[in-house]
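[1] model this:
(one chain, ligands or ions: 2)
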Amino acid sequence: MTQPTTYRFSFGPWNISEGADPFGPMVRTPYSFEEKLDWYRPLGFEGVQFHDDDAVENIDDLSAGQVATKARQVGKMLADRGLTPEFVAPRLWFDARTVDGGYTSNSPSDRQYALDRSLRTIDVARELGTPNIVLWLAREGSYIRESKNARAAYDRILDAVNAMLEYDKECRIWIEPKPNEPTDHAYVPTIGHALALAYRSVDPSRVSGLIETAHAILAGLDPSDEMAFALAHDKLASVHLNDQNGLKYDQDKSFGSANLRAAFNQVRVLEENGYGRRGEFVGLDVKAIRTQKQDKSTAHLVNSRKTFLHLVEKVRTFDRELERQLIADRDYEELDAYTLRHLLGVNDESLPAIEGQREFSRSV
Ligand code: GLO
Ligand code: MG
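    Ligands and ions are numbered 1, 2, ... in the order given. Purely as a prediction, here's the structure:
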């Protein structure tokens, strides 16, 4: 029998956040990058996810040599703490030149900026010691459809991906799809779109996907089925587990906090397909509740990690023989009820006691 997977966990510095929302002030005071790095190991995390400017501040103002030096210093800070860089993502959404999009901007010079910045991100990743680049295509979409040519936009995204693959023959690109926010409609909203792009690239073996729970839910899709699709293509490079309560702003809630059963099914699909055996990280793209006080700035990370591990236990103790029989009998009502009992940690024997208590409290 193969050994069960032991999972390793990652997050990005942005996951220890200040709690500001578009209509409110900062709720928590910021921690420095170094303070955040010091937390990883004690909290049970080993992998660090980066935006290019998390690693190299003011990246646009530095020479290539200065960027490399700074990135190497950060690589050393990781090594000193026993941490591994998981990926670096070009932040193509705060610069004035990315207002209208990065690779899909209508302005040729702004498109060039987006590409140059992405190649610089590859330099940062190389110096940090990871080949992995994440593309969350934040502003590649539109607010009004007539403002852009969607057909041309897909070609432009593909051209950018190809340019990156050609720039560094070792780099790997992981596309993180999201259907909306900040744009109204994004050009790469689902993992299906992302993988179609991967297959059309100059080196499909180096392009895969990163699936975020909340993003799948925002697209009206089941996150575990999205993961299954990527796994079937052997293209699930990483995950951003979190949760999302319906169709509204991207909430980045703690894993399992809105829909525990959907979280169970995500863990189930990962566990059943050996996710993690080749070193893939379980990434948690979670944020503290916006109004949470300062002293619990990292509880959401610890809690999400624990929930994941509890759910691994639930997957491993799921009665597979019963599942097989119920499927064979097409007794889906019982499969549904068994799944809920299993998640609740109860069985029907617990009920008489509870019913009894109810009778008792009524008679008092
Ligand atoms: C936002 C995304 C974002 C990315 C991160 C890495 O909705 O989830 O947090 O994951 O920037 O590219
Ligand atoms: Mg994410």
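
[2] Close to ligand 1: what parts of the stretch 1-150 of the chain are there?
    By Cβ under 6 Å from any ligand atom, the residues of the stretch 1-150 of the chain that approach ligand 1 are His51, Ala89, Val134, Trp136. The way it works is simple: take the backbone N, C-alpha and C, and place the C-beta from them, glycine included.

[3] closest to Gly102 among the residues you listed?
    The shortest approach to Gly102 among these belongs to Trp136, at 10.5 Å (Cβ to Cβ).

[4] Give me the spatial nearest neighbour of that closest one, chain neighbours excluded.
    Among residues not flanking Trp136 along the chain, Glu176 sits closest, at 4.3 Å (Cβ to Cβ, 6 or more residues apart in numbering).

[5] now stretch 120-140: mean pLDDT?
    Mean pLDDT, stretch 120-140: 98.

[6] What of stretch 176-183?
    98.

[7] quick one: it near ligand 1?
    Yes. Stretch 176-183 comes into contact with ligand 1 (Cβ under 6 Å from any ligand atom), by way of Glu176, Lys178.

[8] does any part of that stretch sit near ligand 2?
    No. Stretch 176-183 is not in contact with ligand 2 by Cβ under 5 Å from the ion; minimum separation 5.6 Å.

[9] before we move on, back to that, with neighbour count as added columns, please give the residues of the stretch 1-150 of the chain next to ligand 1 in JSON lines.
    Putting these into JSON lines (neighbours: other Cβ atoms under 10 Å) gives the following:
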{"residue": "His51", "neighbour count": "23"}
{"residue": "Ala89", "neighbour count": "24"}
{"residue": "Val134", "neighbour count": "26"}
{"residue": "Trp136", "neighbour count": "24"}
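
[10] need those residues in JSON lines with distance to Asn265 and secondary structure, can you?
    Listed next are those as JSON lines, based on distance: Cβ to Cβ, whole Å; DSSP: H, G, I helix; E, B strand; the rest coil:
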{"residue": "His51", "distance to Asn265": "30", "secondary structure": "strand"}
{"residue": "Ala89", "distance to Asn265": "27", "secondary structure": "strand"}
{"residue": "Val134", "distance to Asn265": "24", "secondary structure": "strand"}
{"residue": "Trp136", "distance to Asn265": "24", "secondary structure": "strand"}
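
[11] Domains of this protein: list them as residue ranges, please.
    Domains of the chain are assigned by automatic domain parsing as 8-317, 322-364.

[12] which one of those is the most hemmed in?
    Ranked by mean neighbour count, the domains of the chain are led by domain 8-317 with a mean of 19 (mean count of other Cβ atoms under 10 Å).

[13] start to end distance for that domain?
    Length of domain 8-317, first residue to last, Cα to Cα, to the nearest Å: 21 Å.

[14] worst average pLDDT in the domains of the chain?
    domain 322-364 (a mean of 86).

[15] any chance of the domains of the chain in a markdown table, plus distance to Thr2?
    Output for the domains of the chain, formatted as a markdown table (distance: least, Cβ to Cβ, whole Å):
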| stretch | distance to Thr2 |
| --- | --- |
| domain 8-317 | 8 |
| domain 322-364 | 20 |
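
[16] Need phi/psi at Ser63.
    Backbone torsions of Ser63, given as degrees, to the nearest 10, read phi -80, psi 170.

[17] separation between it and Glu313?
    Distance, Ser63 to Glu313, by Cβ to Cβ, to the nearest Å: 51 Å.

[18] Quick one: residues contacting Thr98.
    Taking Cβ atoms under 8 Å, 6 or more residues apart in numbering, we find Thr98 in contact with Leu92, Ser105, Asp110, Tyr113, Ala114, Arg139.

[19] List the contacts of Trp174.
    Shown in contact with Trp174 (Cβ under 8 Å, 6+ apart): Phe87, Asn132, Ile133, Val134, Leu135, Val207, Ser208, Gly209, Leu210, Ala237, Ser238.

[20] So which of those residues is the closest to ligand 2?
    Distances from ligand 2 to the contacts of Trp174, taken as Cβ to the ion, are shortest for Leu210 (7.3 Å).

[21] What is the three-state secondary structure of His300?
    The three-state label given to His300 by DSSP: H, G, I helix; E, B strand; the rest coil is helix.

[22] That concludes my questions; thank you for your assistance.
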